[in-house]
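Q: with the input below, show me the fold.
(one chain, ligands or ions: 1)
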Amino acid sequence: MKEQISSFDEYQKVYQESLNDPSKFWGDYARENFVWKKPWNKVYSADFEKAKFSWFEGAALNITENCLDRHLSERGDQTAIIWEPNEPGEQHKTFTYNELHAEVCRVANALKSIGVKKGDRVCLYLPMVPELAFAVLACARIGAVHSVVFAGFSSKSLSDRINDASCSVVLTSDGGPRGEKVTPLKDIVDQALESCDCVDTVVVLNRANNDCAMTEGRDIWWHDFIDGQSSKCPAEEMDSEDPLFILYTSGSTGKPKGMVHSSGGYMVYTTYSFQQVFQYKPGDIYWCTADIGWITGHSYIVYGPLSAGATTVMFEGTPAYPDMGRFWDVVDKYKVNIFYTAPTAIRALAQCDPAHLTRTTRESLRVLGTVGEPINQEAWDWYNTEIGGGDCPIVDTWWQTETGGILISPLAGVTPIKPTYATLPLPGIQPVLMDENGVEIPDMEAEGRLCMKQPWPSMARTIYGNHQRYINTYFSQFPGFYFTGDGSRRDSDGDYRITGRVDDIVIVSGHNLGTAEIEDAIDEHKAVAEAAVVGYPHEVKGNSICAFLTLEKHSENYPNLFTEVLDLVSETIGPIAKPERMYIVPGLPKTRSGKIMRRILRKLAAGETDNLGDISTLLNPEVVEAIKSEMGL
Ligand code: WT7
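A: Next comes the predicted model:
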């Protein structure tokens with residue numbers, strides 16, 4: 001692999017080069033670092049109006065040859081995947097690159113044996129078991145398009161996704177153990193399939209010895225499925241622009257969007273960003289705690305790390321089981337060097353008994369990462385001091401399901417870190433800030449809507465079955481740019497701080513306020529566990545601020561909590577940002593990926609109790625009633 005960027009000067013130089021001549025920059029990297037079956041005619045072409053983008057046009061490849069085959073001669077016996085089960089007492093598993101290659105080929109051949117061909121869609125609804133990684137790669141091996149559905153989604157969400165992509169096969173398991181619970185995945189699939197006509201075959205992994213019904217002629221056990229299959233399977237020749245996978249992400253309106261990712265560009269960018277951001281060195285143990293059901297797992301558990309020849313940890317369980325020390329136990333167990341998680345987990349862990357931390361050393365850690373939402377200063381400080389011991393760079397990685405890979409982030413140990421800032425764009429990435437009127441803001445110090453001026457290899461190519469929606473959502477508000485939907489501030493150093501979704505910006509008396517910023521201020525209060533802030537219509541000011549707080553479990557009594565919080569907000573941001581209304585609630589409505597569903601809170605703050613939208617996909621739908629009653633609604 002090509003040398004990583006190793007100094008900030010070098011970053012600045014490479015960054016300039018990447019913008020001056022993107023074709024040379026990406027062409028050189030792609031040529032020198034991957035195995036291609038056929039070269040490209042053109043590095044990239046872009047039509048922002050029609051939202052048509054292509055990278056490495058005319059080239060052919062198979063991403064699994066890059067994730068597996070090419071490593072075998074050099075590191076066939078190196079561990080590719082370490083799998084840590086939900087139960088700490090259960091034996092963990094490891095797979096070398098040789099073993100992983102064989103497992104993937106077996107599943108690929110089994111898929112072929114039931115008639116799956118290039119271009120067919122295969123739904124994967126599995127817990128975080130090694131077979132999920134095998135299945136992802138097996139689809140890619142034969143050119144089938146995988147659609148991984150997070151194994152926490154309901155049967156309704158599952159059937160919507162299966163139907164939207166017309167999947168012909170579903171791979172699932174009898175049960176998915178997570179924490180104390182075993183989710184009956186096969187039962188959920190059975191229920192989902194009552195409203196799907198497209199599925200001919202369901203393959204069921206026995207993970208939990210859970211009783212489940214098998215439908216004659218449709219369902220087959222995983223062990224029978226792969227029985228006798230060869231451990232060699234030729235890799236299908238894929239055009240660089242052939243779809244690699246579909247992954248659904250929720251929109252601000254309407255049903256989830258099936259984001260389609262490409263083969264060549266996705267491979268190149270996930271590998272590049274993995275190597276640069278985390279500064280992975282041979283021998284490092286890398287652990288991303290996400291689920292493969294999300295883009296983070298696709299790009300930074302499976303494809304990026306394996307293409308880079310890394311050792312990647314897959315964890316089946318939760319941070320809270322059997323207790324809040326589990327992450328740190330696992331870090332010590334495998335001597336994890338690079339640890340990548342989400343702010344929501346960090347906040348939860350920061351709240352708990354320090355004894356969970358002190359029983360471990362975490363001394364192997366060298367780089368820490370965060371992703372998914374803005375990280376507040378308090379959580380950042382805790383992560384930095386308690387987990388990193390003050391000497392592990394924290395990479396605050398900003399990106400989206402749609403972007404395929406990390407776009408704005410420090411490179412560990414290279415880019416100067418600024419707490420709560422995602423800092424600077426990766427080479428090849430050109431962020432711009434736009435004002436309300438759609439005009440690019442030229443000043444360095446600015447705040448606006450975050451857009452991308454230059455295409456990058458791993459951008460999603462379309463929304464499955466609805467290219468018009470893709471154009472409308474990302475390319476119509478600011479013609480000539482990709483619109484992220486996020487707001488951002490840029491400081492005098494050119495560093496970016498993501499302020500939250502633009503729909504979360506509230507304009508109070510003509511002042512733009514980032515709700516994340518207000519939350520951050522409120523979170524600083526000792527008694528507050530988590531805060532969510534939304535705007536609601538106000539006669540005079542246009543909008544006003546409403547805050548919802550959850551309290552620390554064992555926090556002392558704070559008789560003046562509300563005044564203290566108001567003072568904090570005043571001090572941190574300004575009196576203008578002070579919430580007009582505040583409620584202490586037992587929990588905040590969250591999506592299964594841990595994001596606060598502000599949409600619901602916005603409606604409640606506006607006094608609307610009907611039309612809350614679909615709350616069935618919430619992790620904790622029951623809190624909605626509790627919040628209503630706290631608000632007297
Ligand atoms: C949205 C994308 C990318 C994998 C996980 C989320 C927010 C993501 C950060 C960050 C501030 C962040 C943005 C973005 N977001 N990372 N480091 N700092 N905000 O993927 O579900 O597609 O969500 O998550 O608002 O638009 P996703």
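Q: what secondary structure does V202 sit in?
A: strand (DSSP: H, G, I helix; E, B strand; the rest coil).
Q: which stretches of the stretch 51-200 of the chain form strands?
A: With DSSP state E, counting those that start in this stretch as the criterion, the stretch 51-200 of the chain has strands at 52-57, 60-61, 79-84, 93-96, 121-125, 145-148, 169-173, 176-178, 181-183.
Q: count the residues that sit near S195.
A: 13 (other CB atoms under 10 Å). Placement of C-beta: from N, CA and C, glycine included.
Q: right, and the strands of the stretch 51-200 of the chain - which one's nearest the ligand?
A: strand 145-148 (13.7 Å; CB to the nearest ligand atom).
Q: any idea how far I162 is from the ligand?
A: 20 Å (CB to the nearest ligand atom, to the nearest Å).
Q: isn't G485 up against I498?
A: No: with contact defined as CB atoms under 8 Å, G485 does not reach I498; the gap is 10.9 Å.
Q: how about the nearest residue to S409, chain neighbours excluded?
A: Among residues not flanking S409 along the chain, T397 sits closest, at 4.0 Å (CB to CB, 6 or more residues apart in numbering).
Q: sticking with that neighbour, tell me its helix or strand.
A: strand 394-397 (DSSP states H and E).
Q: quick check: buried residues in that strand?
A: Within strand 394-397, the residues that qualify as buried are I394, V395, D396, T397, counting by 16 or more other CB atoms under 10 Å.
Q: give me the pLDDT value at the residue of the stretch 301-450 of the chain found nearest the ligand.
A: At 3.4 Å from the ligand, T401 is the closest residue in the stretch 301-450 of the chain, using CB to the nearest ligand atom. Here, the pLDDT recorded for T401 equals 93.
Q: the one 10 residues further on now?
A: Reported pLDDT at L411 in the predicted model: 98.
Q: my read: it touches V277, true?
A: Yes: judged on CB under 8 Å, L411 makes contact with V277 at a distance of 5.8 Å.
Q: give the residues shared as contacts by those two.
A: V395, L426 (CB atoms under 8 Å, 6 or more residues apart in numbering).
Q: in the chain, where is pLDDT below threshold?
A: Where the chain drops to pLDDT under 70, the residues are 1-2, 250-255, 503-505, 507, 509-514, 542, 555-556.
Q: enumerate the residues of it near the ligand.
A: 249, 295-296, 371-374, 396-401, 422, 484-486, 498, 501, 593 (CB under 6 Å from any ligand atom).
Q: hmm, try it at 5 Å
A: Within the chain, the positions near the ligand by CB under 5 Å from any ligand atom are 249, 296, 371-374, 396, 398-401, 486, 498.
Q: export those residues to TSV and tack on secondary structure?
A: Shown next, in TSV, are the residues of the chain next to the ligand (three-state DSSP):
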residue	secondary structure
T249	strand
T296	helix
V371	strand
G372	coil
E373	coil
P374	coil
D396	strand
W398	strand
W399	coil
Q400	coil
T401	helix
D486	strand
I498	strand
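Q: which among those count as buried?
A: 249, 296, 371-374, 396, 398-401, 486, 498.
Q: now for the residues you listed: which two are most distant?
A: By the measure CB to CB, T249 and D396 form the most distant pair in those, at 20.4 Å.
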